[in-house]
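Peer 1: Generate a structure from the sequence data that follows.
(one chain, ligands or ions: 1)
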Amino acid sequence: MQRRIWIKQLSSAALYYNPIVKYASLFSGDDALNKKMFGKDFAWGVSTAAAQIEGAATEYGKGKSIWDEFSSHKGKIKTDESPEKACDFYHSYKTDIALIKQLGFTNFRFSISWPRIFPDGYGYMNQNGIDFYNNVIDTCLELGITPWVTLYHWDLPQALQNKGGWINREILLWFSEYVHICANKFGDRVKNWMVLNEPLAFTSLGYLLGIHAPGMKGFKHFFSAVHHAALCQSLGGQILRNNVEDANVGTTFSCAPIYAYNENNKHNEAVKRYDAFVNRLFLEPSLGLGYPIHDLPVLKHLEKCYKSNDENKLAFDFDFIGIQNYTRYVVRDNIFIPYLHGLQVPPKKLGNDTTDMKWEVYPDGLYKIVKQFSAYKGIKKIMITENGAAFHDGLDNGLIHDNQRVNYFKEYLAQVLKAKNEGINVDGYFVWSLLDNFEWAEGYRPRFGLVYVDFNTQQRILKDSALWFKDFLK
Ligand code: NOJ
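Peer 2: Predicted structure coming up:
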């Protein structure tokens, strides 16, 4: 029983969040939030990821990804669905990018599918894959939309997983070849790059808890996956910097501020341990501070994965750090939970609204985590590369009145503005997500899009939240 609770705790700690808020109509009349308040250079965008939207998972020469494999096993995806068709963005990219333009966003974050470029992970290159991303990039540029590319958003080639995936140190070589190709093929037009998407999420959910692809479990796997991902993060940054002229190089982190259950000191100690795991594990090595072993001693095992001089290879001076925040954690001390010695208070007990992911809506948390990150000297710039919410979106005469989502955006954006007005260098905000899409192990049920997708007909419908942004961005 304790073990089950512990897995649940780690999995929510790994993935993020949960809280509420009674939606006050904060913005009306003269107080209304407007785009100008964020300054003319603030980047407004939408975020997506290849495996979640593209479809065409086994077509045009693409190799199998770990998510194609994982989802083919019964029970791995809650709804037994797969990314095979998703939003069919592979065929509808032109009209979908036109939608971005129509809504007034000028930045589009998407990821490159590694197995679409290298079906076997390395070696033979699939020209169809290169052509596809060239088309996506060119369409963006023709419409005046700036592309922001993530190199790794969780769809590892299955061929590499067959050799151990992130637990095999050879991933440094495989990743390096993949990054070189992307930099050389697309770097003439793409200047904004993110090396990894949420390394804590894919290593903990996929290699420790086994609830995401590739479904591996155990600390031994986890520690080697973490260390190799941290090395690839800095290596990828260096390759981009050396091969792309005027590159703006970043990486992204899932993060959530941690609050103590009450002021009792033992809960504050649990906060420290959670914070080391949830927010600092990948950030601090990238800043040259090493792993946060002092506050979470079990991380000492990471040192067993070191080869000569690794401690000096973990840092890279990123141009920006991508913050991906949805909620917060409230934790209390609990000696029965291994290592973290703390338990997350269930979000629904905190009295605020929760989303379809059971995450607490807690706008102040975004401000708090931006502030926490901005206190590191080594962070030059912060971009909010993901923020958004899944709510139940009912069709009402062909329309979706997603007021909860509209309020969510207003309240979270107010917190971004608050940070900016205090002089914090936060320079952009990307909505997760443009389209309803494949939400990993949850399947297609949670809908995060500004645009509703009917997955049977591939019809798109602008939700009220999309129209709210359209008006806001005018
Ligand atoms: C984090 C991930 O980057 C993205 O793929 C996921 O769909 C969203 N957050 C929502 O869970």
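
Peer 1: Could you pull out the helices in the stretch 201-350 of the chain for me?
Peer 2: Taking DSSP state H, counting those that start in this stretch as the criterion, the stretch 201-350 of the chain carries its helices at 219-243, 265-275, 283-286.

Peer 1: Indicate which one of those is closest to N407.
Peer 2: When the helices of the stretch 201-350 of the chain are compared by Cβ to Cβ, helix 265-275 sits nearest N407, at 27.9 Å. Heads up, the C-betas are built off the backbone N, CA and C, glycines and all.

Peer 1: quick revisit: let's have the helices of the stretch 201-350 of the chain in JSON lines, adding distance to L340 and mean neighbour count.
Peer 2: Converted to JSON lines, those look like this (distance: least, Cβ to Cβ, whole Å; neighbours: other Cβ atoms under 10 Å):
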{"stretch": "helix 219-243", "distance to L340": "13", "mean neighbour count": "21"}
{"stretch": "helix 265-275", "distance to L340": "5", "mean neighbour count": "19"}
{"stretch": "helix 283-286", "distance to L340": "17", "mean neighbour count": "23"}
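
Peer 1: Which one of these lies nearest to F202?
Peer 2: helix 219-243 (7.5 Å).

Peer 1: ok so, going back, for the ligand, which of the helices of the stretch 201-350 of the chain is the nearest?
Peer 2: helix 219-243 (14.3 Å; Cβ to the nearest ligand atom).

Peer 1: quick one: average pLDDT of that closest one?
Peer 2: On average, the pLDDT along helix 219-243 is 98.

Peer 1: Counting by contacts, list what it packs against.
Peer 2: strand 146-152, helix 171-186, strand 192-196, helix 199-203, strand 248-254, helix 283-286 (3 or more Cβ pairs under 8 Å, 6 or more residues apart in numbering; DSSP states H and E).

Peer 1: returning to what we had before: now tabulate the helices of the stretch 201-350 of the chain in TSV and tack on distance to V330.
Peer 2: Output for these, formatted as TSV (distance: least, Cβ to Cβ, whole Å):
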stretch	distance to V330
helix 219-243	25
helix 265-275	9
helix 283-286	21
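
Peer 1: mind putting these in CSV, distance to the ligand included?
Peer 2: As requested, these are exported to CSV (distance: least, Cβ to the nearest ligand atom, whole Å):
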stretch, distance to the ligand
helix 219-243, 14
helix 265-275, 18
helix 283-286, 16
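
Peer 1: Quick one: closest of the ones you listed to I171.
Peer 2: Closest to I171 of the helices of the stretch 201-350 of the chain, according to Cβ to Cβ: helix 219-243, at 5.2 Å.

Peer 1: interface residues of the stretch 351-474 of the chain facing the ligand?
Peer 2: Applying Cβ under 6 Å from any ligand atom, one finds that the stretch 351-474 of the chain approaches the ligand through 386, 432, 439, 448.

Peer 1: Now the third one, what are its backbone angles?
Peer 2: Think E439. phi -90, psi 60 (degrees, to the nearest 10).

Peer 1: now the first one
Peer 2: The main-chain torsion angles of E386 are listed as degrees, to the nearest 10 and equal phi -160, psi 130.

Peer 1: ok, it - contacts?
Peer 2: E386 sits next to 47, 252, 322, 324-326, 430, 432 when contact means Cβ atoms under 8 Å, 6 or more residues apart in numbering.

Peer 1: In strands only, show me those.
Peer 2: Within the contacts of E386, residues falling in strands by DSSP state E are 47, 252, 322, 324, 430, 432.

Peer 1: In the residues you listed, which residue is surrounded by the most others?
Peer 2: In terms of neighbour count, S47 stands highest of the ones in strands among the contacts of E386 at 30 neighbours, by other Cβ atoms under 10 Å.

Peer 1: Tell me the pLDDT of that residue.
Peer 2: Note for S47: predicted pLDDT of 99.

Peer 1: Please report how far it lies from I384.
Peer 2: 10 Å (Cβ to Cβ, to the nearest Å).

Peer 1: what do the two both touch?
Peer 2: Counting by Cβ under 8 Å, 6+ apart, the residues touching both S47 and I384 are F430.

Peer 1: What is the nearest of the ones in strands among the contacts of E386 to D80?
Peer 2: W432 (24.1 Å).

Peer 1: pLDDT wise, what is the closest one at?
Peer 2: pLDDT, read off for W432, is 99.

Peer 1: For it, list each beta-bridge partner.
Peer 2: S47 (DSSP bridges).

Peer 1: Contact partners for it?
Peer 2: Shown in contact with W432 (Cβ under 8 Å, 6+ apart): 47, 324, 386-388, 448.

Peer 1: what's the most distant pair in those?
Peer 2: Farthest pair in those (Cβ to Cβ) is Q324 and F448. Separation: 12.2 Å.

Peer 1: Residues of the stretch 1-150 of the chain that sit close to the ligand?
Peer 2: Counting by Cβ under 6 Å from any ligand atom, the stretch 1-150 of the chain sits next to the ligand at 49, 52.

Peer 1: make it 5 Å
Peer 2: Within the stretch 1-150 of the chain, the positions adjacent to the ligand are A49 by Cβ under 5 Å from any ligand atom.

Peer 1: residue boundaries of the strands in this structure?
Peer 2: Secondary structure of the chain by DSSP E: the strands cover 43-47, 107-111, 146-152, 192-196, 248-254, 258-260, 320-324, 329-333, 342-344, 382-386, 426-432, 451-454, 459-462.

Peer 1: what's the second one in contact with?
Peer 2: What it means is strand 107-111. 43-51, 53, 97, 100, 136, 140, 145-153, 155, 192, 194, 197, 385, 428, 430, 434.

Peer 1: average pLDDT for that strand?
Peer 2: pLDDT averaged over strand 107-111 gives 99.

Peer 1: Parallel or antiparallel, list what pairs with it.
Peer 2: Short version: by DSSP bridges, strand 107-111 pairs with strand 43-47 (parallel), strand 146-152 (parallel).

Peer 1: Just name the closest of the contacts of E386 to D246, please.
Peer 2: When those are compared against D246 (criterion: Cβ to Cβ), the nearest one is G322, at 18.8 Å.

Peer 1: residues contacting that closest one?
Peer 2: For G322, the contacting residues are 194, 250-253, 382-386, by Cβ under 8 Å, 6+ apart.
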